[in-house]
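K.L.:
Need a 3D model of the following:
(one chain, ligands or ions: 1)
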Amino acid sequence: MSDASGSIAAVTERLRSTLPSDAVITDPTRRAAYDCDGLLHYRVTPAVVVLARDTDQVQAAVQACMTHGLPFVARGSGTGLSGGALPHADGVLIVMSGFREIREVSARDQRAVVDPGVINLQISQRTRPDGYYFAPDPSSQQICTIGGNVAENSGGAHCLKYGFTAAHVLSLDVVTPDGDRFAFGTRAPDAPGYDVLGAFVGSEGTLGIATSATVRLLRTPETVQTFLAGFADTDAAGAAVSAIIGAGIVPAAIEMMDALAIEAAEAAVACNYPAGAGAVLVVELDGPGAEVDSELAAAEQHCREHGAFEIRIAADDQERQAIWRGRKSAFAAVGRISPDYIVQDGVIPRTALPEVLRRMKQLADDGGVRVANVFHAGDGNLHPLVLFDDAVPGQADAAEETSGAIIDLCLEHGGSITGEHGVGSDKAKHMPKMFTEDDLDTMQRIRCAFDPTGISNPGKVFPTPRLCGEVPRRHSASDDSRTPTTTAGVEIF
Ligand SMILES: Cc1cc2nc3c(=O)[nH]c(=O)nc-3n(C[C@H](O)[C@H](O)[C@H](O)COP(=O)(O)OP(=O)(O)OC[C@H]3O[C@@H](n4cnc5c(N)ncnc54)[C@H](O)[C@@H]3O)c2cc1C
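P.N.:
Below is the predicted model:
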């Protein structure tokens, strides 16, 4: 028996003796159902699956892994697009989606305490009757979990105005990789000392498992106005976005779709977007009625000045839903126009939109593939969908290459290798393009402080794994005299 199979047998035995019998899955067919997340081209069947329903069960599973040195990976709904919840063949996958009660809603304090497996949208559904909602709204909000949102620091259409998940989490209960329990953050607006909560949010399951989250609730806005604007091309639409934000207006959302994304959405949901549009913007404004009215007039005017040939303002909630339907269905809709596609995720400064979209088209033409764009234009968060047909020899490689070149393009323009989908397994290789060895060492030191033996979601985020025994290179006096430099828009010391 190999070391790993001995440890797997020992962990399985321990889990069976401590957890309910239906919580431990070893049957190969049932385990195979968890072999990937939303990034379908990486697949690994976990050795054991634990369906956790409370903190004690999570802790028992982590302690078993710690004792026997087996890796574990937390999984929410598995909608991640960067392979963050990709299991380990010799490890335990701890599935959190059954751990899903909303424990407490305090409208007066604008707080809710939720289990990690609670579905994002359920918080707003529960709190809306009291006039509150949970602002971060990934397009997957009908299925993704709060634990996954916290781990990925997820965003969404309305994060332009309201900020990503990090801005809406007040405290977390966590089972650390050595099997202890900690609470990070407070229910007060701010806490003294190091921002350990901040380090955990966005750490992609590498610092432990969140078992409870206290999240901030926002008051439902008095008024919401949504309009759709059709443009000849993405240059004009991009210029309108910059003009609106440059004028000091912060819409709740500004989303852009290009011609190919519109074509896909039309094929899937017949959204009836303006005929002949090379790009559309969905612009949403919210707040007090008078403020929204004046911002709506100004935003509409900026769109017209930058070439919008058709503007439709939603008269009621039904029309508003109709405008959003095309945008919200666009990812899945791309399957209507291409058998295969890669969802890329990168960020650029908003003002670089026209130039980057033009160069992206050139990259796609050079690679012989097509790229559809549907994205959060207001914060420069791009989601290019690289379309290809795996049945055509060479196309998958060309798509992969184009997808990588798009990331380089984002970095060249002072952007980032990922906006909201995380680094996961997929983008770990790109981390050195954005960060120096010293940057990565610093991050690894934080990781080691939480997870000295490296068992919590290993192989994700970092290009090369490191255990705490492998002390990162120490700084020498000569290092300190180096002058700061800038690479790809990142300050490096
Ligand atoms: C159609 C579609 C649209 C999407 N749109 C958006 C979007 O607009 N914005 C956006 O940001 N993302 C979007 N995503 C990506 C994805 O939905 C988010 O990253 C989401 O937060 C993942 O949640 P999940 O519950 O599915 O997590 P999983 O995919 O199961 O896991 C994601 C990561 O979180 C870790 N994790 C899960 N639970 C815990 C926990 N309790 N404690 C610690 N770590 C944990 C996992 O180990 C993994 O690293 C989209 C995905 C799809 C398929």
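
K.L.:
any idea of the mean pLDDT in stretch 289-296?
P.N.:
For stretch 289-296, mean pLDDT rounds to 96.

K.L.:
Which residues belonging to that stretch are considered buried?
P.N.:
Buried positions in stretch 289-296, judged by neighbour count with 16 or more other CB atoms under 10 Å: Val292, Glu295, Leu296. Quick note: C-beta positions are derived from backbone N, CA and C, even for glycine.

K.L.:
remind me which residues of the stretch 1-150 of the chain are low pLDDT?
P.N.:
Filtered on pLDDT under 70, the stretch 1-150 of the chain yields the residue ranges 1-2.

K.L.:
For this structure, which residues are neighbours of the ligand?
P.N.:
If contacts are counted using CB under 6 Å from any ligand atom, the residues of the chain sitting beside the ligand are 37-38, 73-81, 84-85, 96, 116, 138-140, 144-145, 147-149, 151-152, 154-156, 204-205, 209-210, 331, 420-421, 457.

K.L.:
Strands of the stretch 1-150 of the chain, start to end?
P.N.:
Shown for the stretch 1-150 of the chain, the strands assigned by DSSP state E, counting those that start in this stretch span residues 24-25, 48-51, 72-75, 92-95, 102-106, 111-114, 132-133.

K.L.:
closest one to Thr464 among those strands?
P.N.:
Distances from Thr464 to each of those were compared using CB to CB; the minimum, 18.7 Å, belongs to strand 72-75.

K.L.:
List of residues touching that closest one?
P.N.:
Residues from elsewhere that reach strand 72-75 (CB atoms under 8 Å, 6 or more residues apart in numbering): 34, 37, 46, 61-62, 65, 85-88, 91-97, 147, 151, 205, 209-210, 455-457.

K.L.:
Can you go through those and name the buried ones?
P.N.:
So, by 16+ other CB under 10 Å, the buried ones in those are 34, 37, 46, 61-62, 65, 85-88, 91-97, 147, 151, 205, 209-210, 455-457.

K.L.:
okay if I get the buried residues of stretch 289-296 as JSON lines plus secondary structure and distance to His413?
P.N.:
As requested, the buried residues of stretch 289-296 are arranged in JSON lines below (DSSP: H, G, I helix; E, B strand; the rest coil; distance: CB to CB, whole Å):
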{"residue": "Val292", "secondary structure": "helix", "distance to His413": "32"}
{"residue": "Glu295", "secondary structure": "helix", "distance to His413": "28"}
{"residue": "Leu296", "secondary structure": "helix", "distance to His413": "31"}
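
K.L.:
For the ligand, what is the nearest residue in the stretch 301-450 of the chain?
P.N.:
Ranking the residues of the stretch 301-450 of the chain by distance to the ligand (CB to the nearest ligand atom) places Glu420 first, at 3.2 Å.

K.L.:
And for that residue, the neighbour number?
P.N.:
Glu420 sits with 24 neighbouring residues when counted by other CB atoms under 10 Å.

K.L.:
Surely it and Asn149 touch.
P.N.:
No - with contacts defined as CB atoms under 8 Å, Glu420 does not count as touching Asn149, sitting 9.8 Å away.

K.L.:
anything in contact with each of these two?
P.N.:
Taking CB under 8 Å, 6+ apart as the contact criterion, the common neighbours of Glu420 and Asn149 are Pro138.

K.L.:
element containing Thr442?
P.N.:
Remark: Thr442 resides in helix 437-450, with elements defined by DSSP states H and E.

K.L.:
Show me which residues of that helix are buried.
P.N.:
Of the residues in helix 437-450, those buried by neighbour count under the rule 16+ other CB under 10 Å are Asp439, Leu440, Asp441, Met443, Gln444, Arg447, Cys448, Phe450.

K.L.:
Could you dump those residues into JSON lines and include distance to Phe388 and pLDDT?
P.N.:
Shown next, in JSON lines, are these (distance: CB to CB, whole Å; pLDDT from 0 to 100):
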{"residue": "Asp439", "distance to Phe388": "33", "pLDDT": "94"}
{"residue": "Leu440", "distance to Phe388": "32", "pLDDT": "94"}
{"residue": "Asp441", "distance to Phe388": "37", "pLDDT": "93"}
{"residue": "Met443", "distance to Phe388": "33", "pLDDT": "94"}
{"residue": "Gln444", "distance to Phe388": "35", "pLDDT": "93"}
{"residue": "Arg447", "distance to Phe388": "35", "pLDDT": "95"}
{"residue": "Cys448", "distance to Phe388": "40", "pLDDT": "94"}
{"residue": "Phe450", "distance to Phe388": "39", "pLDDT": "96"}
